[in-house]
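Asks: how does the following fold in three dimensions:
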Amino acid sequence: MTDTQKRTPYPTGPSLVKVAWADLGTSSRKGTPYVAFKLEGMAGDAKGMNIRHTCYLSEKALWALEDFALCIGADAANMVSWAKSGDVTNIIASSLDKSLKLVVKADNYTDSEGIERESRKVVAIESLDPSVKSYMEKRRRARMTGGKLPAQIPTAPTNTSTDDELPF
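Replies: Alright, predicted model coming up:
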C-alpha cells in the first residue's frame, strides 16, 4: 500500500453508526470463519466514514456476534445459526440499516519487523434502546464473573430505538 492509498484511520471514541452491509469470510491466519459488518458513521467523529466490525465464529467468540445482534434488535440465536450455516442473506436482512453506538480505541504495537504501529478497533458496542442497554450491561458483568448468565436475567428485550434518538 502506498502513502497515497493509505486508509484514513477510524476516529477514536464513540460514534453512532448503522449497518450498511454484512459478509461472511475466513481469517487468513487461523482459518476462523467470521461475519464482517460494514458500519456507516451517522454521528460523532465517524460521520460519513465506514467502519468494519468483525465477529468471529469460534465457540469462545460467539458472544460478540450475539451481543451485536442484541444491540441492533435482531434475534441472537438466529444470527449465530445463520452465520454458522453461511446464510448471509438472512444476516443482511436482519441487520441492514439498524443503528447502534460503538467506541473505537487506538492501540500501539510493534510489528514483526520491529516497527511501531497503531491499530484501531471497535472495543465496545451499545444499543440505543435503554432496556437493551441495561440487559447488555448485565450480560457483560455475568461474562466477566464466570461466563454464565444468572437465571434472574430475563431474555433480551426488543430494541425499539429510532435513529432520532441520538446518544450525543
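Asks: okay, CA-based contacts and neighbour counts for the rest of this
Replies: Noted.
Asks: please save the CA atoms from the host helix or strand of Met42 in CSV.
Replies: Here Met42, judged by DSSP states H and E, is contained in strand 33-44. The C-alpha trace of strand 33-44 is given here as CSV (Å, rounded to 0.1, in the frame of the first residue of the first chain):
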residue,chain,number,x,y,z
PRO,A,33,-14.9,-18.1,10.0
TYR,A,34,-16.3,-14.6,10.7
VAL,A,35,-19.1,-12.2,9.9
ALA,A,36,-17.8,-8.7,8.9
PHE,A,37,-20.2,-5.8,9.2
LYS,A,38,-19.7,-2.6,7.3
LEU,A,39,-20.9,0.2,9.5
GLU,A,40,-21.6,3.7,8.2
GLY,A,41,-21.0,6.6,10.6
MET,A,42,-24.1,8.7,11.1
ALA,A,43,-23.0,11.0,14.0
GLY,A,44,-19.9,11.6,16.0
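Asks: what packs against the lengthiest helix in the chain?
Replies: Taking DSSP state H as the criterion, the chain has its longest helix at helix 130-144. Contacts defined by 3 or more CA pairs under 8 Å, 6 or more residues apart in numbering; DSSP states H and E place helix 130-144 against helix 62-71.
Asks: now the helix it packs on, how far from the centre of its chain.
Replies: 7 Å (CA atoms, centre = their mean, to the nearest Å).
Asks: stretch 124-138 now?
Replies: Worked out by CA atoms, centre = their mean, stretch 124-138 lies 13 Å from the chain centre.
Asks: what ranges does the protein have for its helices?
Replies: For the chain, applying DSSP H gives helices covering 62-71, 76-85, 88-95, 130-144.
Asks: now the last one: how far from the chain's centre is it?
Replies: Distance, stretch centre to chain centre, for helix 130-144: 15 Å (CA atoms, centre = their mean).
Asks: can you list the buried residues in that helix?
Replies: Within helix 130-144, the residues scored as buried using 16 or more other CA atoms under 10 Å are 132-133, 135-136, 138-139.
Asks: one step back: quick one: which of the helices of the chain is nearest Ala22?
Replies: helix 88-95 (5.7 Å; CA to CA).
Asks: now for that closest one, which elements pack on it?
Replies: Counting by 3+ CA pairs under 8 Å, 6+ apart, helix 88-95 packs on strand 13-26, helix 76-85.
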